[in-house]
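[1] here's a sequence, model it:
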Amino acid sequence: MEGSLRKRGSKWYYSYESYDSSGNKKRIERVGGKTKKEAQQKLNEALYKRDCGYIEVDNTLLKDYLNSWLLQYIKPNRKENTFFRYQGVIQQAIMPCIGNIQLRNLKPVHIESMLAFNKNRGLKNTTLQNIYTILNSSLNRALKLQLINNNVCKFVDRPKREKFVAETLSLNEFNIIMDSLSDSYNDYLMKLALTITLELGLRRGELAGLTWENIDLENNKIKIINNLIKTNAGVNVTTPKTEESKRTLIISDMLVTMLKQHKKIINQNKLKYGEFYTKYNTFNNIHYDFLFVWENGIYVDPNYWTHRFSRILKKLSINKRIRWHDLRHTNATLLLSQGINFKTIQIRLGHADINTTLNIYSHVTEEMQKEATTKINNLMQNVIGK
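    Have a look, this model is predicted:
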């Protein structure tokens, strides 16, 4: 596949084998110049670009390029759940509208039409922004590979995300939930999971991925280094969402006591089930000694927490749109109400950027500002009154 040169009439041509965005091999021949030296130079440049990942576009459709981008770039470089999320957005929101347009012919009007179509089918601005962001990222990659001369997304206004206000549980509502749970093993696990999540603000996958080897009961520490996730491909263990999500958290004496008791219960279950107890759960040929397992030792599916929590709220008539993930927001709101600074909360929640923390909890900041105004006013009243 090193290419060849030939002279036709007064001009030299160069040819070589390459691939289109679907991975199909194709032979390409182009004019190299009036001399063999010019043709050789252009052939060398073409081979270099090909070996650096350049794909010959020609009539490549956007849908074919996006599939190639997902499989050849996103899948090897991003987390598994990110790949499936991107794939879902592309298949459901982008391809039906503009997938059959040639990549080189894509125009801003096509993107605006695609966004309008998805808005008309009821998608919110936050979702529209995600669609735009994924398409923009894919076209930036195409620009880098010299498949296109410009990323036309820059000529389209990025949809504005709705301001997010996190719904939280009050302590009274949390107590109602805890009191509703029985002494059965399933309810016991839920109590433990709720306690850990409220104290530490863990994501669902981080909670499900906790292992005993990463819990230091002597020094009151838990390391967050695993993420048990469920995707279209099934359940798997990955690393946490970002590098900042890998963190070590200090836990309370109360939680240490609960975990020590939990360890005893697990040991009792091992004796009870004997050879039928699953000592380790294995993913990617790695054995994991999970904290959250059923009585027979099988891991708890991360989706369990979401579905069971939703049923509990409905049963107790707690009419709030609260997901399991929103328990993180309850944790952060409670910390803020106690005067804990944003930087500490950012570290505990594993946010990569403090602006994420600040933006999510801006409504809490307003309450804190009101309290600050009241306090400074009281001080001023004392001074002025003297």
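[2] how about low-confidence regions in this protein?
    Applying pLDDT under 70 to the chain flags the ranges 1, 19-24, 53-58, 163-166, 352-373, 375-377, 379-386.
[3] in it, which spans are strands?
    Applying DSSP state E to the chain gives strands spanning 4-8, 11-19, 25-33, 215-216, 221-224, 227-231, 234-238, 247-250, 281-283, 286-288.
[4] for N59, the count of nearby residues, please.
    Using other C-beta atoms under 10 Å, N59 is surrounded by 10 other residues. Bear in mind the C-beta positions are built from the backbone N, C-alpha and C, glycine included.
[5] thought it was touching Q102?
    Yes: N59 lies in contact with Q102 (C-beta atoms under 8 Å); the separation is 5.7 Å.
[6] coming back round to it: how about the strands of the chain in TSV, adding mean neighbour count?
    Shown next, in TSV, are the strands of the chain (neighbours: other C-beta atoms under 10 Å):
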stretch	mean neighbour count
strand 4-8	12
strand 11-19	18
strand 25-33	13
strand 215-216	16
strand 221-224	19
strand 227-231	21
strand 234-238	16
strand 247-250	15
strand 281-283	15
strand 286-288	13
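[7] tell me which of those strands sits nearest to Q40.
    Closest of these to Q40 is strand 4-8, at 6.3 Å (criterion: C-beta to C-beta).
[8] that closest one pairs with which strands, and in what direction?
    Paired with strand 4-8 in the same sheet, following DSSP bridges, are strand 11-19 (antiparallel).
[9] check the offset of the strand it pairs with from the chain's centre.
    Relative to its chain's centre, strand 11-19 lies at 43 Å (C-alpha atoms, centre = their mean, to the nearest Å).
[10] going forward, begin numbering at 415 instead of 1
    Got it, first residue is 415 now, which makes that one strand 425-433.
[11] only C-alpha atoms, please: export that strand in CSV.
    Output in CSV follows, covering the C-alpha atoms of strand 425-433 (Å, rounded to 0.1, in the frame of the first residue of the first chain):
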residue,chain,number,x,y,z
LYS,A,425,1.3,14.9,-16.6
TRP,A,426,2.3,12.5,-13.8
TYR,A,427,-0.3,10.8,-11.7
TYR,A,428,0.0,9.2,-8.3
SER,A,429,-2.3,6.5,-6.9
TYR,A,430,-2.6,4.7,-3.5
GLU,A,431,-5.0,2.6,-1.5
SER,A,432,-7.0,4.2,1.4
TYR,A,433,-10.2,3.7,3.3
